[in-house]
Structures are given as structure tokens and as C-alpha cells.
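# got a predicted structure plus its sequence, pasted below:
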Amino acid sequence: MPQEYQLPDRVYKYPFELIMLAYERRFPTCAMIPAFLGSETIYEHKSKDGAVHVIERRCKIDVEAPYLLKKVCGADYVYFNQRNSLNLRNRTLNIVATNETFNNRVKIKEECSYKPHPDNEEWTIFTQRATLNIISFFGIEAQVEKLGIKAYHKNIKKGKEIIMYYINELKTEGVTTAPRWVQPDNVESESDSECDSFASADDDSRLEDVADDYKLDSDYINTHLGELNPMEECSIIQLAKRMKQTFDKIPDERVLLRFLRARNFDIEKTREMLIKSMAWRKQFNIDAHLDIWSPPPIIEKYLPGGWHRNDKDGRPVYILRLGHLDIKGMLRAVGEDALLRYALYICEQGIQKTNATAQISSWTLLIDLEGLNLRHLWAPARIAMRRFTEVMEQNYPETLGVVLIVQAPRLFPLAWTLVKSFINENTRRKCLVYGGNDYLEDDGIHSYIHREDIPDFLGGPCPCNIECNGLVPREDYTRSTEDVLEKEAGLQSLYKNCTLKKGEFHEVQVEADVDGVITWDFDCVLGELQFSVSHRTFSQPQCNSSLAGLVEMAGITYSTTPNTPQTQSPTDSYTDKIVEDSTVCSYLEGDSVQGSYYVSKPGTYVLSWGNATPPANPSTKSTFLYSIEMIEPKDYAGSVSSLTSSFSNLSSAGSSWNSSSVASWNSMVSR
């Protein structure tokens, strides 16, 4: 399939006639292009009035290719035919170059033009495009295409340098201007059709106007997008042209570049992604989001995040003190949709801030994990985060320059295991994780943020106005846990509902390997509950006991009263022992509990809930919702080292997760 390359317009702030003087000095050889070994003229025509000069040259090129490849091809050099059509009356130079060598196997065609700039006739604009079509090439088509692209990009980069070199050479000779062509007296001019017949051997080789409906020059790129290689420049133009075939108005070049980077500069994949994003923005009126939507008061008060200065590269910095965020309270107070709209609000603010600064198209995210606990790993919160991440990656690609994660606790390896699956690899590579106080070291966050801008809560001198106001008050809740779960079918299957009469217990049996982690999450909806975790020893060997999993037994009734710690089962077939460093805990109606247990000894573990409603309470039932996950060692081992850009001591923190210093189990309760 032919590959097309079109480069941004190149602007020379010199008149066309002076540029032509510089251009002619490139022939017959050019010292600045060592691969250009020479040229010979094979056709030439000059009009009687001197306005038209057509010349065709056969150029000898030394292609940079491996020796073995040259031997396979049977050629040390390649030859190109270049036809230049200069029209001084119209002030244009059209150039068409095609390959002569291997013409039956490879088709290469380059079309260029020099002409006055449409906005300033004292400047000259250069346009360039090329096509490469490899029909067949001894079975090494892919290698030849790579070599061709590499050589083409290298020559493009040299092009402007060469013209400017000869411009400066002319200046040293005292030549700073060149007269325009004037019709000589008593000499009949050739008609335009006659000029055209000399300028081209056939219609197919005529240089067409390229991208008349879309202009992009290299100066604009350097000013607004930064330094790009020719392939990236070419991709922006190709994508813009493809988009303008369908849309009258398309996003600006910064947006095009971000989407191209997200799809590894695949034009068709980028176009598909961009069209979907444009439809999404139109459907939800995202362009007006900052004007028509304001964060609810609950979010403004209890979501600890905000913009804070710029990093060393000039990118805006957004700080999220995630460890102080009551995500469960937020979801029950304002709901997932409001939090998603707030995330879009921040992204739109980020776009607005980056657009205000040339060459800045992304921002820095600083996440403070001080206070991170199991409450943050609530399953509905993870589902919401997955949705937020999907929306961000589909519609705001490559807007994150770097993600600085600081004060990561020992819980982080487990937390990262649960969320990394829905964060794409490009974003994961941008994450830099610092455990404990590692962010204060020489290679800490001041490598990215000026020391004077490090916020005070991280030990820096800069005041930070991001408030941490604790948990969302229960009286501000507008949704019950059941309401949150009903919105997501997957959560309904993940969470189970259980009602116990007085004297009844509900058990979940877990087969766990050493170094595994058992996590639980439950809400006491009605009455009071007693909860415990036990290690169960059977008097007879159990089949498949080495396989980790969950076996549920509901409605088991014990002879003891619910408020008595259960250390021995009522049967002789097994013995339950409460795990070390834990006690039987009681919870009240409305409590939300998240906890985990690190498995130091393989075997069967039992999570048990009992009806703990006091006798004086008229209610005889306890109702609760619960979810349990078993995380095996292979699922979280090395989860920190999988962050390829991580360079802190967090890896050792991850290994210490398995050490005896880690609490055997812990629960967090919010009331």
C-alpha cells in the first residue's frame, strides 16, 4: 500500500528570487549532502523571454544501507530523475523527482514547490510531499521501507539548513537581493500553455497544490508544539486532511498530536478515536462544561484537590490528597455521575491552562497517599475509578506528563494490584512512586518541582490551600449502599445480602495459600453484627485443600449466644481458632467495614458474621451486605516493580508487606 508523506510548509523570510539563487548552488553537487554524489543534465529548455527554465537532471545517490542489503539488491548506488520547472513570471519553482533504479519494484515520487508566501510576497513558502510504494523487493519490503523513510526524514531535516547555508554564503559575497524578472522588449512571451508543455512530460508528473484547505508551517510547529521529527509533523498533516474530508471544523494541532501519540501515530486508529471523542464532546456539551457546570458544595468541601503552581517544565500541577478522600462518602453523598463531571471539570481546566502556554500540552498530577486505607479500595469506588479512567484515556489522551505518587504506605502494593489493570501501559510508565519520605531524597520530587514550590504538607516552603475536611457526614448521604450497588450489575453479583436471626451465624470459608491476602468489605444495614476471622483445622484431611477459593455456608446456627467469642466449633470434625492479634469485633447499624488479613499459614480460613442484636432490642434480625476477595501472591507480587519508572524504596516496602511486621489483619470502620 502506498505510503504518503506530507510535511509542514517551510517559510523563508527572503524573497523568491534570492531563494532561487541559493537553490541553484546545490548543483551539480552539494557538500552538505554527502550522499548526493553528483548529477548530469539530461534535458533543458529556456523560453525566449527567459521567464521559463525547465531542467531535468539524473542524480546519483549513495543510499545508507547495510552492505549485505546492497549486495542482495545488486546496486551500490541509486539514480533519481529530478525535473525542475522554474517560472519567473509567476514566481514559482515546481520540482518532481522519481526513482529510476528499481522502478519496477519500488515507486518513489517527491513533489515540491517554492512560491511567494500568500500573506507576504517578500517571503517564500516551500511545500513538500512524497509517496513510497514498494511493490516487491526480494522479500525484504519492510526493511527497504524503513530505510527509505529514514533517508527521507534525514534529507528533510537537512533541506532548510542547506538553503540557509547558501543564503548566508550569498550575504558574505554582498548579495542580499535579487531583481524580479521583467518582460524584455521586443521578445514575444510564450503562453502559459506552452510553458506548461515544457514544464511537464505528462500530466501525472505535474505538481498539484498540496493541502490548499489546510496549512501548517514549521515555524508554527516550533512555537506551539515544540520540536517534532518529520514523521510526527507529517502525521499531523495527514490526520488533519483526513479529518477535513468529514468535518468542517477540526481540533487544533495540539489535540491532534496528543491523539496521535496515544495511537502510536497510526492515522486510521487515531482518526477513529478522535471522531468518537468529538461525538462524545458534542453529546455532553463538554466544550461549555466550565461555563455551565459547577462542583456541588459537598465536592468543594470534602474533595481534597486543587491546582498548585507549575513544575520545572512549565506544566501545571494538580494535587490530589487521595489518602484524605472519603470516596465511599462521596459516592453516597453526590453519586458517581457528579464525581465524573468533576473529573471532566478538572481536565477541561487543565486543557485551558496548557493552551495558555506555548509548547505545553500536558500537566503533572501529584497524588498524596498519606492516610490511604482499605476504605479507598471499596469495590464501587474501584468500578467508578475504572469508568473515570476509561473516559479520560479515550477523550483526554496524553494530557498527563508525569504522575508523582508520594507517601505510599505498605498497603500500596495491594491497592496497585486492584487498580493497575484498568490503567493503560503508557500512563503506568509515567508513574513515579515514593514510599515513606523517599520523595525528600536527592532524586525525589524536587527533580520535577522547584523546591520553593513544594507544598507545605510535604515539608516544603510553599503554602498550599488544599483543605482536608475528613469524612463526609452521614446526614449528607443521599444514597444507601444498596442504591450505589443497584447502579452496577457487576457489583450486585459481587456483593451479597444476608439476614440473620438471633443466634445465627453466616460463614464464608476461604482456602488460602501462604502470602495470600484475604480482603473483605461489609455494611451493617440493620441491627448489630459480630465479626471474626478464624483459622480452621480439620480432623480429617480435606480434598483440594490447597486450592484457594471461597466456599459459602449460610445460616449455620451455633448453640452459643452471639456475643460469646467462638473459638471451638460445635462439631468434632474441625476446630476454629481466632487468628492472632485480633479479637471478635461488634458493629452497629450503619457501620461500613473494610479489612484484610495477610496469610502467614496456608489452609482454611473462616469469615464469620453473627447476629449481635442485644436482647432488649425489639428487632430480632441483622441484615448486612458483604463482599470478599482472595488475592493470591502471584497477583500482587512485584506489583511495585512493575512500575517501570519507579525508583524509590517502595519495592522493599512491597516485600515487607509479607513480613511479620505487617499486622495479621486489620479492619477500618466508618460510622
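Good, I have the coordinates.
# okay, CA-based contacts and neighbour counts for the rest of this
OK.
# touching stretch 374-394 from outside, list them.
273, 277, 323, 325-328, 331, 336, 340, 343-344, 415, 418-419, 422-423, 484-485, 491, 521, 593-596, 667-668 (Cα atoms under 8 Å, 6 or more residues apart in numbering).
# buried ones in that stretch?
Neighbour counts using 16 or more other Cα atoms under 10 Å place 374-386, 388-389, 391-394 of stretch 374-394 among the buried residues.
# could you do stretch 279-288 as well?
Using 16+ other Cα under 10 Å as the test for burial, stretch 279-288 gives Ile286.
# ditto for stretch 442-459
444-446, 448-449, 453-455.
# cool, and stretch 509-525?
509-513, 515-525.
# how about stretch 303-313?
Result for stretch 303-313 [16+ other Cα under 10 Å]: buried residues 303-311.
# restricted to helices, list these.
Counting by DSSP state H, these place none of their members in helices.
# among those residues, which one sits closest to Thr29?
Distance ranking of the buried residues of stretch 303-313 against Thr29, using Cα to Cα, places Asp311 first at 48.3 Å.
# mind checking the SS state of the residue nearest to the closest one when sequence neighbours are not counted?
Of all residues not flanking Asp311 in the chain, Ile449 sits nearest, at 4.6 Å (Cα to Cα, 6 or more residues apart in numbering). At Ile449 the chain is in coil, as set by DSSP: H, G, I helix; E, B strand; the rest coil.
# what's the pLDDT at Ile449?
As predicted, Ile449 sits at a pLDDT of 96.
# list the residues that contact it.
Ile449 touches 310-312, counting by Cα under 8 Å, 6+ apart.
# so which of these sit within strands?
Asn310 (DSSP state E).
# export the contacts of Ile449 to JSON lines and tack on distance to His535?
As requested, those are exported to JSON lines (distance: Cα to Cα, whole Å):
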{"residue": "Asn310", "distance to His535": "52"}
{"residue": "Asp311", "distance to His535": "51"}
{"residue": "Lys312", "distance to His535": "53"}
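# pLDDT for the contacts of Ile449 - can I get that in CSV?
Converted to CSV, the contacts of Ile449 look like this (pLDDT from 0 to 100):
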residue, pLDDT
Asn310, 96
Asp311, 96
Lys312, 95
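# output stretch 162-179 as PDB, restricted to C-alpha atoms.
Written as PDB, here are the backbone C-alpha positions of stretch 162-179 (Å, rounded to 0.1, in the frame of the first residue of the first chain):
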ATOM      1  CA  ILE A 162      21.200  23.900   3.100                       C
ATOM      2  CA  ILE A 163      19.100  26.800   1.800                       C
ATOM      3  CA  MET A 164      20.100  29.000   4.700                       C
ATOM      4  CA  TYR A 165      23.700  28.000   4.300                       C
ATOM      5  CA  TYR A 166      23.700  29.300   0.700                       C
ATOM      6  CA  ILE A 167      21.700  32.400   1.700                       C
ATOM      7  CA  ASN A 168      24.500  33.200   4.200                       C
ATOM      8  CA  GLU A 169      27.100  32.500   1.600                       C
ATOM      9  CA  LEU A 170      25.500  34.900  -0.800                       C
ATOM     10  CA  LYS A 171      25.400  37.500   2.000                       C
ATOM     11  CA  THR A 172      29.200  37.200   2.600                       C
ATOM     12  CA  GLU A 173      29.600  37.900  -1.100                       C
ATOM     13  CA  GLY A 174      27.500  41.000  -0.800                       C
ATOM     14  CA  VAL A 175      24.400  39.600  -2.400                       C
ATOM     15  CA  THR A 176      21.300  40.400  -0.300                       C
ATOM     16  CA  THR A 177      18.700  41.000  -3.000                       C
ATOM     17  CA  ALA A 178      17.900  39.700  -6.500                       C
ATOM     18  CA  PRO A 179      15.800  41.500  -9.100                       C
END
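# got the buried residues for it?
162-163, 166-167, 170.
# so which residues of the stretch 201-350 of the chain form strands?
Taking DSSP state E, counting those that start in this stretch as the criterion, the stretch 201-350 of the chain carries its strands at 305-310, 316-320.
# which strands or helices does the first one pack on?
Secondary-structure packing of strand 305-310 (3 or more Cα pairs under 8 Å, 6 or more residues apart in numbering; DSSP states H and E): strand 316-320.
# circling back: just the contacts of Ile449 now: which is nearest Thr124?
So of those, ranked by how close each gets to Thr124 (Cα to Cα), first place is Lys312, at 37.3 Å.
# phi, psi of that closest one?
The phi/psi pair for Lys312 (degrees, to the nearest 10) reads phi -70, psi -20.
# which residues touch it?
Residues near Lys312 by Cα under 8 Å, 6+ apart: 448-450.
# could I get those as CSV with distance to Tyr43?
Formatted as CSV, those follow (distance: Cα to Cα, whole Å):
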residue, distance to Tyr43
Tyr448, 60
Ile449, 62
His450, 63
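# how about low-confidence regions in this protein?
Along the chain, the parts satisfying pLDDT under 70 run over 1-2, 63-75, 136-158, 189-215, 487-493, 539-572, 580-583, 618, 635-671.
# can you name the farthest residue from the center of it?
The outermost residue of the chain relative to its centre, with distances by Cα atoms, centre = their mean, is Asn186 at 67.4 Å.
# that one and Lys48, how far apart?
Applying Cα to Cα, to the nearest Å, the value for Asn186 to Lys48 is 11 Å.
# can I have the buried ones of the contacts of stretch 374-394 as a PyMOL selection?
If you want just the buried ones from the contacts of stretch 374-394 in PyMOL, going by 16+ other Cα under 10 Å, the selection is:
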select buried, resi 273+277+323+325+326+327+328+331+336+340+343+344+415+418+484+485+491+521+593+594+595+596+667
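# quick one: which of the contacts of stretch 374-394 sit in helices?
Mapping those onto helices (DSSP H) picks out 273, 277, 327-328, 331, 336, 340, 343-344, 415, 418-419, 484-485, 491.
# in CSV, list the strands of the stretch 201-350 of the chain along with distance to Cys30.
Below are the strands of the stretch 201-350 of the chain laid out as CSV (distance: least, Cα to Cα, whole Å):
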stretch, distance to Cys30
strand 305-310, 46
strand 316-320, 46
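# count the neighbours of the nearest residue to Ile125 once chain neighbours are set aside for me.
Leaving aside its sequence neighbours, Ile125 sits nearest to Val11 (Cα to Cα, 6+ apart; 4.6 Å). Val11 has 19 neighbouring residues, counting by other Cα atoms under 10 Å.
# run through the residues that contact Val11.
117, 123-126, 217-219.
# ditto for His289
So His289 contacts 345, 348 (Cα under 8 Å, 6+ apart).
# check the gap between it and Lys46 for me.
The separation that His289 has from Lys46, given Cα to Cα, amounts to 62 Å.
# how about Cys59?
The gap separating Cys59 from Lys46 is 21 Å, by Cα to Cα.
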